[in-house]
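>>> pasting a predicted model and its sequence here:
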Amino acid sequence: MKAIHPLLRKHRGRVSTFALLGMMGLLAAGFFRVQVVGGPAWALQAESNRLRVLPMPAPRGTIFDRWGRVIADNVPAYSVSLFPAPSDSIRATLSRLDPFLGLGEEAVEVLVAQAEADRRQPLVVLRDAGFEAVAAIEERRSEFPGVFLEVRPKRRYMGGAALGHVLGYVGEISGAELENPRFEGYEARMVVGKEGLERQYEEGLQGTQGVRFVEVDAVGRIVGSFEGQAATPAHPGEDLHLHLDLDLMEFIHETFPEGMRGAVVLLNAEDGGILALYSAPSFDPNEFVGGIDPQVWTALNTDPERPLFNRAVVGRYPPASTWKLATGIIGMELGELHAGEVMPVACTGRYTALGRTSSCWNLSGHGYLDLAGAIANSCNVYFYQVGVRVGLERLVTEGDQLGFNDRCGVDLPAESSGTFPDDLSFYERRFGYRPAENEVMSLSIGQGPNDQTPLRMAQFYLALGRDDGIAPAPRLAQAGAGAEAGPVWDLHASPETLVELRRGLRQVTSASGTAFRASLEHWDLIGKTGTAQRMDGEPNDAWFLGLAGPWGVPSEIVVAVIVEQGESGSGRAAPIAAKAADFYLRRKYDIPVDTIQTLGEHLDRGVPAPWARWSAP
Amino acid sequence: MGALVGALAPRMRWYRSWARDPRLVALALLLSAFGIAMIYSAGVLNVPSQVTQGAWLRQFVWLIVSLSAFTVLTRINPGWIEWAAMPAFLLAVVLIAATFAIGTGEGTAEGTSQWIRIGAFGFQPAEFAKIAAILGLARVLAASPQSPRNLRDLLAPAALIALPLGLVVLQGDLGTALAFVGILFAGLFWAGTPALHLFLLASPGVALLLSFDTRIWSAYIVGLAIFVYVSRYRLYLAESFAVVLANIVAGTIALPLWNSLSGYQQNRLLVFLDPNLDPRGAGWNLIQSKVAIGSGGLFGKGFTEGTQKRLDFLPEQHTDFIFSVIGEELGFIGSLVAIAAFFFLLARLAQLAERTADPFSGLVLFGIFGAWAVHIFVNVGMTIGLVPITGIPLPFVSYGGTFLLTCWTMAALAVRLGEEET
């Protein structure tokens, strides 16, 4: 090629420079658009790109017993969490985590479903990862993008199974709960109270969740906290102070007959504070912390002994002889019965009235008895006669009026009310027949359509034990915990009536009474045994309702014990009640606790009991 | 910037005598130093990364090597360059072909086999081939007695470039292929090819792009046919038919050609049209790059302070996406200065070509112009989604030893051939 003419070169140079200018202008315009026009929007995107919001769970309020001992607190636990991501990637990450955490295929599916249900919150894979799992994941951090470890407070229950029913347990909030108006403002992944006190006082115990902002890199690894936005600290939940006595609960848990079902309730007579509320068999709430093992859960739910069933508050049992005091109150307050009155018909082991013959438990008969004697001997024949005098309709109405259809209003999420006929139509509604007048006989000795919870019976005896006949509502939490106290139970009984009934109760534990062997060295224990026939024909349920305290002053505590199929109230239930009362009172009055407590235990082991009151008071 | 350099440079005699062309070399030096600084910044991460560790230091060593090569090459006889053009071209073609047999992957291009390794030393024949193709094309065009006047005159130069271009396409290196296209068109333009013929040469490529929609493509073919008819007095009949036929063929083979692309290449083209198509996959690079650049705003977040970069959101941040770091940390002002520096660099090449009477020298200068223009435009443009993402580095700035050496070799050729006065 010949040399290109200078003018042509100049022309081509100019053209190419213009083309170049166009290209570079295009780039400059493009950057202007992205950086200057779109800058703020992209800046926002950049923040959200690398910013992640992490909730900081608040430690739940600590629960204390009446002496200030910790019942439930929090310990730090490592949890393994995952940032929100598409389901597929979550599933993939979980299956790679599986060998280190031992989740199992089923759990992986549950977790994926959880992640899908709420796509904004990080998924908590494991709330209480062991040290080895944490170390293994920490070592392989780069292999697990989006996985992060954090320390979360974990609930710890001191009393273990002794307090399972009272405390309840905590767990991750469910989808149904999130939709419940009660849990307004709650977020997925939060740990909430599921049962018992944890549920009852959830709002106070929960505290306020905090948030912190962290920076993550492109693969979702946390690089550090974000400096542009201050974290909102979590506010711990409010502490909860209970009337409950931790040691007493543990004592009851240990002394309750192995393998038997039943309940024990101890109330403080002065304020209705619940000193103990125990249901056997129990469960260890610590098992639920950090997610319960599905196998354990299934076992708890299918166990025929029903360990999750709170017999003290939800269980209902025929009160049997323990209810005879209610018949006594009704008779006396209606003027059908007078203090010290001896019934005209002596107990010969059986009694016939209103076309029906019913027997006494003691077929050889008790002879002539006054009210106190009838209570002491639990004589059916005496109370048949009181019942016949009162009449079915009045006994039903008065019993309902007295409060045997109501519940205590205890501060627990679930409580059964008593079952008692509210009027005569009850029989038709319930059983489809008009009751014969002689139904009054079984009702007057605490049988028939009458079922009460151990807690309700305890409150009844609390009223009996007080001079005013008014029982405050049983309460677990001390004042200021938020939940309103239930209504007081006013028996509307005159002081004379109450004195007379207590005279009878005292005889029960005296030398001639059914529960003499349950009497205690230091304390005035009075009470009533009961033996209730079971519908299923199994051995009878055993009751003991008692009042105890130092001699010469009003009773300080009420104790109620039921042992399912315990056969004998005096033999089985009374010693449990006596031992629990003795344990509590000895510690209250600084008397060393002895393993041999009741008179019966002294006699059985040949330990001298010079204090035994062999002569009637 | 160019003015500043121009004002300072003449005062430094030793520099002038070493650089031969103070302005071009000053710009290249500035860009290289800037590149090392940005590569250093790209390595400042909040998360440890093996890839970028000490990369700036290795780049610095490569710059020394490159400057040595520059010093030697600017002192050789220009006649040798012309003499070596064709052998160099043939060698380059053989070397690229050889990568199919003995090539290995390396660094961020681990998955490919575009490298040839001799002991500890590895290089990419495709980079060398760019220089060789520039020289070869200049030789062929300069050898013809006059400017190309018809499409048949374009056959030889097009075929010459098509050889290495085809080979790099087979390697899957679309970015380098684009550079060859740039070299070809820049060379043909400087040789005086009429704009009409350049357009017709490019038209099958346009047909290929438009064939994604049959209706648009059909309209284009009809339009092309009319255009060819209108221009009938400037074209041979055979040319007209050949052009239309080539366009039809291009449109027809588009689908099988598309299917022959690997998945990631298809995705890159698709996400160019819509980055949100696959935001965590192929669209990720583009979205993250735009987020980084956009969040830089007017003044940027400050040197080494880019948050997106620090948190490793940016892909290939020391190589292909180095400009995203520039945009994020130095803002629009910094981007503009960098773009301006490249403009002055290329403008200087055009200026040198303008002054050069020797056709071979002018053609080489313009080949370099074409190669760098494509590299700069595609590399910078892809960071903000102006062009599809192709693995193509930024001259003098991106991390990469062979590439830096290539750039400085081209600069040396430009300086040596540009200083021949008329």
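That came through, no problem. These figures come from a predicted structure and were not determined experimentally.

>>> list the helices and strands the helix or strand encompassing A:Ile71 packs on?
Taking DSSP states H and E as the criterion, A:Ile71 maps to strand A:70-82. When contacts are defined as 3 or more Cβ pairs under 8 Å, 6 or more residues apart in numbering or on different chains; DSSP states H and E, strand A:70-82 packs onto strand A:63-64, helix A:87-101, strand A:123-126, helix A:131-139, strand A:147-157. Every residue, glycine included, has its C-beta placed from N, CA and C.

>>> go with 6 Å
On a contact count with 3 or more Cβ pairs under 6 Å, 6 or more residues apart in numbering or on different chains; DSSP states H and E, strand A:70-82 meets strand A:123-126, strand A:147-157.

>>> what pairs with the last one, parallel or antiparallel?
Strands that pair with strand A:147-157, judged by DSSP bridges, come out as strand A:70-82 (antiparallel).

>>> what residues sit buried inside the partner strand?
A:71-74, A:77-82 (16 or more other Cβ atoms under 10 Å in any protein chain shown).

>>> identify the residues contacting that strand?
Residues from elsewhere that reach strand A:70-82, judged by Cβ atoms under 6 Å, 6 or more residues apart in numbering or on different chains: A:59, A:62-63, A:65, A:122-129, A:134, A:146-154, A:156-158, A:167, A:246.

>>> then stretch A:9-24?
So stretch A:9-24 is contacted by B:339, B:343, B:346-347, B:350, B:354, B:377 (Cβ under 6 Å, 6+ apart).

>>> and the strands in the stretch 1-150 of chain B?
Secondary structure of the stretch 1-150 of chain B (DSSP state E, counting those that start in this stretch): strands located at B:116-118, B:121-123.

>>> out of the helices and strands packed on strand A:70-82, deepest packed?
strand A:123-126 (a mean of 24; mean count of other Cβ atoms under 10 Å in any protein chain shown).

>>> using CSV, list the CA coordinates for that strand.
What follows is strand A:123-126, C-alpha atoms only, in CSV (Å, rounded to 0.1, in the frame of the first residue of the first chain):
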residue,chain,number,x,y,z
LEU,A,123,-34.2,-20.8,61.4
VAL,A,124,-33.0,-22.2,64.7
VAL,A,125,-31.8,-25.7,63.8
LEU,A,126,-30.6,-26.8,67.2
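
>>> centre of the chain to that strand, how far?
27 Å (Cα atoms, centre = their mean, to the nearest Å).

>>> other SSEs contacting that strand?
By 3+ Cβ pairs under 6 Å, 6+ apart, strand A:123-126 packs against strand A:70-82.

>>> number of nearby residues for whichever residue of the stretch 101-250 of chain B sits closest to chain A?
Across the stretch 101-250 of chain B, no residue is closer to chain A than B:Ala142, which sits at 5.0 Å (Cβ to the nearest Cβ). By other Cβ atoms under 10 Å in any protein chain shown, 20 other residues sit near B:Ala142.

>>> and B:Ile226, what pLDDT?
Here, the pLDDT recorded for B:Ile226 equals 91.

>>> one more: the one 3 residues further on?
Note for B:Tyr229: predicted pLDDT of 88.

>>> residue of the stretch 1-150 of chain A closest to chain B, please.
A:Trp42 (2.3 Å).

>>> can you name the element that comes right after the helix or strand that contains that residue?
Secondary structure from DSSP H and E places A:Trp42 in helix A:39-50. Tracing the chain past helix A:39-50, the next element assigned as helix or strand by DSSP H and E is strand A:51-56.

>>> and chain B, is that next one touching that?
No: using Cβ under 6 Å from any Cβ of the partner chain, strand A:51-56 stays clear of chain B, coming no nearer than 9.9 Å.

>>> next, A:Phe544: secondary structure please.
State at A:Phe544, reduced to three classes by DSSP: H, G, I helix; E, B strand; the rest coil: strand.

>>> dump the residue contacts of it.
Counting by Cβ under 6 Å, 6+ apart, the residues that A:Phe544 touches are A:527, A:529, A:561, A:569, A:573-574, A:577.

>>> now it, nearest residue through space, not along the chain?
A:Ala573 (3.7 Å; Cβ to Cβ, 6 or more residues apart in numbering or on different chains).

>>> could you report the neighbour count for the one you found?
As a burial measure, A:Ala573 scores 33 neighbours (other Cβ under 10 Å).

>>> if I pick residue 161, what's in contact with it?
You didn't say which chain, so I picked chain A. Here A:Ala161 is in contact with A:282, A:284 (criterion: Cβ under 6 Å, 6+ apart).

>>> you looked at the wrong chain, it should be chain B
Contacts were defined as Cβ under 6 Å, 6+ apart; by that measure B:Ile161 touches B:133, B:180, B:184.

>>> now the residue lying closest to A:His602 once chain neighbours are set aside: how far from chain B?
Of all residues not flanking A:His602 in the chain, A:Ala609 sits nearest, at 3.9 Å (Cβ to Cβ, 6+ apart). For A:Ala609, the distance to chain B equals 77 Å [Cβ to the nearest Cβ, to the nearest Å].

>>> so what's the residue count around A:Ala609?
Neighbour count for A:Ala609, taken as other Cβ under 10 Å: 16.

>>> now flag whichever of the contacts of B:Ile161 is closest to A:Asn310.
Ranked by distance to A:Asn310 (Cβ to Cβ), the contacts of B:Ile161 are led by B:Phe180 at 83.1 Å.

>>> hang on, the earlier thing: the residue of the stretch 1-150 of chain A closest to chain B reaches B:Ser295, doesn't it?
Yes: counting by Cβ atoms under 6 Å, B:Ser295 is a contact partner of A:Trp42 at 4.8 Å.

>>> please say which of these two ends up with more neighbours.
B:Ser295 (29 against 23).

>>> can I assume that one is in contact with A:Ala41?
No: contact criterion Cβ under 6 Å: B:Ser295 and A:Ala41 do not qualify, at 9.2 Å.

>>> quick one: end-to-end length of stretch B:376-396, please.
10 Å (Cα to Cα, to the nearest Å).

>>> wondering if it reaches chain A at all.
Yes: using Cβ under 6 Å from any Cβ, stretch B:376-396 reaches chain A at B:377, B:380, B:384, B:386.

>>> and A:Leu599, what does it touch?
Applying Cβ under 6 Å, 6+ apart, we find A:Leu599 in contact with A:517, A:519, A:609, A:612.
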